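Colleague: After the sequence you'll find the predicted model.
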Amino acid sequence: MALLSISNAHLAYGHVPLLDGTDLSLEAGERIALIGRNGAGKSSLMKVLAGLEKLDDGLLQQQGGLRRIYVAQEPLFADGANVFDAVAEGVAEARALRERYEAHAPEDDLDALQTRLEALDGWTWEQRVDTALQRLGLDPAVAVSALSGGMKKRVALARALVAAPDVLLLDEPTNHLDIDAIEWLQGLLNDWRGALLLVSHDRAFIDAVATRIVELDRGLLRSYPGAFTAYEATKARELEDEALANARADKLLAQEEVWIRKGVEARRTRSVGRVARLQTLRAQRQARRDQLGQVRLSVDAGLPTGKIVAELKEVSMRFPGPPGLADASPPPEGGEPAREWPVAGSGDRTLIDHFSATILRGDKVGLIGPNGTGKTTLLKLILGELAPTGGSVRQGTKLQVAYFDQMRAGLDLEATLVDTISPGSEWVEVGGGRKHVMSYLTDFLFSPERANSPVRTLSGGERNRLLLARLFALPANVLVLDEPTNDLDIDTLDLLEELLGSYAGTVFLVSHDRRFLDNVVTSTIAWEGDPAFGGRPGLWREYEGGYEEWKRQRSRSRVAVAAPAPAPSTVATAPASKPATKAKLSYKEQRELDALPARIEALESEQASIGATLAGTEVYQKEPQRVALLQARHAAIEAELLTALERWELLGAR
């Protein structure tokens, strides 16, 4: 029996049905990713499953004694609570029962209290809270109000986990988390033994966590087993089949409409059965909910910049800070506000240390690093909004910069959509032509009826779409995108990727969406200041390629740093009579050195091919016996690559 299920569920807001007679069940141990368009009703469905809202019609069933915990996109906490008290809310019942048991009130049944306490494992609730705090890296004494968005999300997860629920419901759990925190969360959820239902638009995160994908589309829930890549292929086929079926139905309806009109003119007798079929076709067409339109994205690239957008030479940036905290660890997640950095106190804190790079016209540059390490500061240096404390920065000519702000600080919540896009005018200049503002808003899936609504009525994803609409209406040859993917649905992400790929200008992208980075950027600037792996405060490096390429190179460098140094030789050597000279390579060694680049390239190509095969579904369905062999070969190639690289470095040094 399913832990939690809905059947023939109906739920509507206004005239739009969010759930239209649909079904869903969650089995023990399942990890379901719920996906769908912005505004489709995913959060509403989560609240129904959490017991916070009720269906208009239909049946919600759950197993007796089921414990379910819901973690909202923006979790709420009691005013003035510290981290320990906030997390302990997850064991509030056990805490209250133990206090009653220890008080020995005469009206209490101590046997009943003891039984319930044992069922809740309430005797050790403090240890459970302490364990969760340690596991999630939280300081119990810190006030929750002083935490960033990412750390508040960790507190909410800790509060949910200490409750030991049977079902965990997570709404956009990766919002406000940096890449390291997202990967940490992946591991946490993969180790989770209960059932999980999560709403997310992060495709890499879904692939890593989910065992089944459920799509909410036009009021119906459709289930797809396996990874997100398998869902994409299946969904594309379904949409093609649906379009063909609808086209055939529309053609038949048009033919029948012609026949009924001719029948009225030419003869008064009609086929009763054919008339009945026409009425059925009309009813079916009226009831059909066509697929929602696609966002139509275009951007005005403005005048071309010079060939060089920015040239940085040995740039350093230090900010004053509290005494004795020079080069301290970065501020907490989310502590770096968009396009602004607070400067206070005394003492130095290094954010950027001797960084050099050249950004050319048309480059798509991704910035990767934990929240608070200085990504926004580095962008401001590149664009000339800050002067470095060391080194030099030279900006290119004719720069027209447009910003996308993840905090949506540029939105006036009381302004209408029309005034936000084109204040004082009915026309928008975009792509070298003029477009009426109503038509332009329709391109971003805002109906004319909503054009004069205030911004505050929009959901988070809709506000991000509105920001993109305003951004792309500006003539700009440099786009700075600070977390543009938050709250955007997967279809819009795909279209945004295509737009940025064909954009003629320069793009600076700060994002924690790994798939989006891989599909957009051509180079990566990454923070590598972790001292555990040979880093220093303010260390940034530039790499070719996207996230996966950077991750592969970083892992190799970390392996090299972690490798033990060779033991010093104990053999005594005679003093040299003349300076030692490097031994020349033998003929065999020279040939080996010449062949190593091709061998390394072949190994990397083979590893990538195996990785692509394992990421798909075909091998698991048709040749499951090959999976273990492929996995073993993938691991063996990693060892061979490390050996080849070390040999190449050794021979090259000689």
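Modeller: Now that the structure is in, tell me what you want to look at. Keep in mind that what you see is a predicted model, and the values were worked out from it rather than measured.
Colleague: going forward, measure contacts and count neighbours with C-alpha atoms only.
Modeller: Noted.
Colleague: low-scoring pLDDT stretches of the stretch 251-400 of the chain, where are they?
Modeller: Where the stretch 251-400 of the chain drops to pLDDT under 70, the residues are 253, 255-257, 259-275, 277-278, 281-305, 321-348.
Colleague: Let me see the contact set for V521.
Modeller: 363-366, 509, 545-546 (C-alpha atoms under 8 Å, 6 or more residues apart in numbering).
Colleague: from those residues, which ones fall inside strands?
Modeller: 364-366, 509 (DSSP state E).
Colleague: Can you lay out the residues you listed as CSV showing neighbour count?
Modeller: Output for these, formatted as CSV (neighbours: other C-alpha atoms under 10 Å):
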residue, neighbour count
K364, 26
V365, 26
G366, 26
L509, 24
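Colleague: quick one: which of the residues you listed is nearest to K313?
Modeller: V365 (17.5 Å; C-alpha to C-alpha).
Colleague: wait, isn't that closest one in contact with S511?
Modeller: No - using C-alpha atoms under 8 Å, V365 is not in contact with S511, being 10.8 Å away.
Colleague: and for the two, which residues touch both?
Modeller: What both V365 and S511 touch, as defined by C-alpha under 8 Å, 6+ apart, is an empty set.
Colleague: Would you mind putting the contacts of V521 into JSON lines with distance to S392 alongside?
Modeller: Shown next, in JSON lines, are the contacts of V521 (distance: C-alpha to C-alpha, whole Å):
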{"residue": "D363", "distance to S392": "21"}
{"residue": "K364", "distance to S392": "22"}
{"residue": "V365", "distance to S392": "20"}
{"residue": "G366", "distance to S392": "22"}
{"residue": "L509", "distance to S392": "23"}
{"residue": "G545", "distance to S392": "26"}
{"residue": "G546", "distance to S392": "27"}
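Colleague: Need the max-distance pair from those.
Modeller: Checking the contacts of V521 with C-alpha to C-alpha, the most distant pair is L509 and G545, at 13.2 Å.
Colleague: thinking again about what came up before, could you dump the ones in strands among the contacts of V521 into a markdown table and include distance to G80?
Modeller: Shown next, in a markdown table, are these (distance: C-alpha to C-alpha, whole Å):
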| residue | distance to G80 |
| --- | --- |
| K364 | 44 |
| V365 | 41 |
| G366 | 38 |
| L509 | 36 |
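Colleague: Between the contacts of V521, which sits nearest T524?
Modeller: Once C-alpha to C-alpha is applied, the member of the contacts of V521 that ends up nearest T524 is G366, at 4.7 Å.
Colleague: Is A526 in contact with W540, as I believe?
Modeller: Yes - if you go by C-alpha under 8 Å, A526 and W540 touch, sitting 5.5 Å apart.
Colleague: what are the ranges of the helices in the stretch 501-650 of the chain?
Modeller: 514-520, 547-562, 587-615, 618-622, 625-653 (DSSP state H, counting those that start in this stretch).
Colleague: and of those helices, who's closest to P388?
Modeller: Closest among these, using C-alpha to C-alpha: helix 547-562, at 26.2 Å.
Colleague: per-residue confidence averaged over that closest one?
Modeller: Averaged over helix 547-562, pLDDT sits at 77.
Colleague: do the same with stretch 591-606
Modeller: 81.
Colleague: Quick one: neighbours of A612, just the number.
Modeller: 10 (other C-alpha atoms under 10 Å).
Colleague: try G90
Modeller: 23.
Colleague: Quick check, it in contact with A156.
Modeller: No - shown here, G90 and A156 do not form a contact pair, counting by C-alpha under 8 Å, at 9.2 Å.
Colleague: Show me where the stretch 351-500 of the chain has its helices.
Modeller: 375-382, 417-421, 437-443, 460-472, 490-502.
Colleague: Could you say which of the ones you listed is packed most deeply?
Modeller: Across these, averaging neighbours per residue (mean count of other C-alpha atoms under 10 Å) puts helix 417-421 on top, at a mean of 23.
Colleague: What mean pLDDT does that helix get?
Modeller: 86.
Colleague: Show me what it is packed up against.
Modeller: The contact analysis (3 or more C-alpha pairs under 8 Å, 6 or more residues apart in numbering; DSSP states H and E) places helix 417-421 against helix 437-443, helix 460-472.
Colleague: In three-state terms, label G306 for me.
Modeller: coil (DSSP: H, G, I helix; E, B strand; the rest coil).
Colleague: Next up, the contacts around it.
Modeller: So, once contact is read as C-alpha under 8 Å, 6+ apart, G306 ends up touching 361, 396-398.
Colleague: List buried residues within these.
Modeller: When those are checked for burial by 16 or more other C-alpha atoms under 10 Å, the buried set is 361, 396.
Colleague: In a markdown table, list the contacts of G306 along with distance to R463.
Modeller: Putting the contacts of G306 into a markdown table (distance: C-alpha to C-alpha, whole Å) gives the following:
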| residue | distance to R463 |
| --- | --- |
| R361 | 30 |
| G396 | 32 |
| T397 | 32 |
| K398 | 30 |
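Colleague: Which one of the contacts of G306 is nearest to S609?
Modeller: Using C-alpha to C-alpha, these come closest to S609 at R361, 32.3 Å.
Colleague: doesn't V309 make contact with the closest one?
Modeller: Yes - counting by C-alpha under 8 Å, V309 is a contact partner of R361 at 5.8 Å.
Colleague: sorry, back to before: more crowded one of A526 and W540?
Modeller: With neighbours defined as other C-alpha under 10 Å, A526 and W540 compare such that W540 has more, 25 against 21.
Colleague: do you know how far the residue nearest to that one when sequence neighbours are not counted is from N371?
Modeller: Nearest residue to W540, sequence neighbours excluded (C-alpha to C-alpha, 6 or more residues apart in numbering): W527, at 4.5 Å. Between W527 and N371 the computed distance is 10 Å (C-alpha to C-alpha, to the nearest Å).
Colleague: ok, now L161?
Modeller: For L161 relative to N371 (C-alpha to C-alpha), the value is 24 Å.
Colleague: Which one of these two is surrounded by more residues?
Modeller: Higher neighbour count among L161 and N371: N371, with 25 against 19, using other C-alpha under 10 Å.
Colleague: L458 and N452: what is the separation?
Modeller: 12 Å.
Colleague: Check S502 too.
Modeller: Using C-alpha to C-alpha, we find S502 at a distance of 32 Å from N452.
Colleague: before we move on, what about L49?
Modeller: 34 Å.
Colleague: So for those two, which sits in the more crowded spot?
Modeller: A count of neighbours by other C-alpha under 10 Å puts L49 above the other of L49 and N452, at 24 against 14.
Colleague: For K622, grab the count of nearby residues.
Modeller: For K622, using other C-alpha under 10 Å, the count is 9.
Colleague: pLDDT value on it, please?
Modeller: On the pLDDT scale, K622 is placed at 80.
Colleague: In contact with it: list those residues for me.
Modeller: So K622 contacts nothing (C-alpha under 8 Å, 6+ apart).
Colleague: how near is it to E646?
Modeller: K622 is 38 Å from E646, by C-alpha to C-alpha.
Colleague: coming back round to it: show me the contacts of G306 that map onto strands.
Modeller: Among those, no member falls in strands (DSSP E).
Colleague: and which of the contacts of G306 is nearest T389?
Modeller: Nearest to T389 among the contacts of G306, with distances taken as C-alpha to C-alpha, is G396, at 20.2 Å.
Colleague: Spatially, what comes nearest to that closest one if we skip its sequence neighbours?
Modeller: V309 (4.3 Å).
Colleague: and the one you found, how far is that from T376?
Modeller: From V309 to T376 the distance is 17 Å (C-alpha to C-alpha).
Colleague: Tell me if I'm right that E311 and Q395 touch.
Modeller: Yes - judged on C-alpha under 8 Å, E311 makes contact with Q395 at a distance of 6.5 Å.
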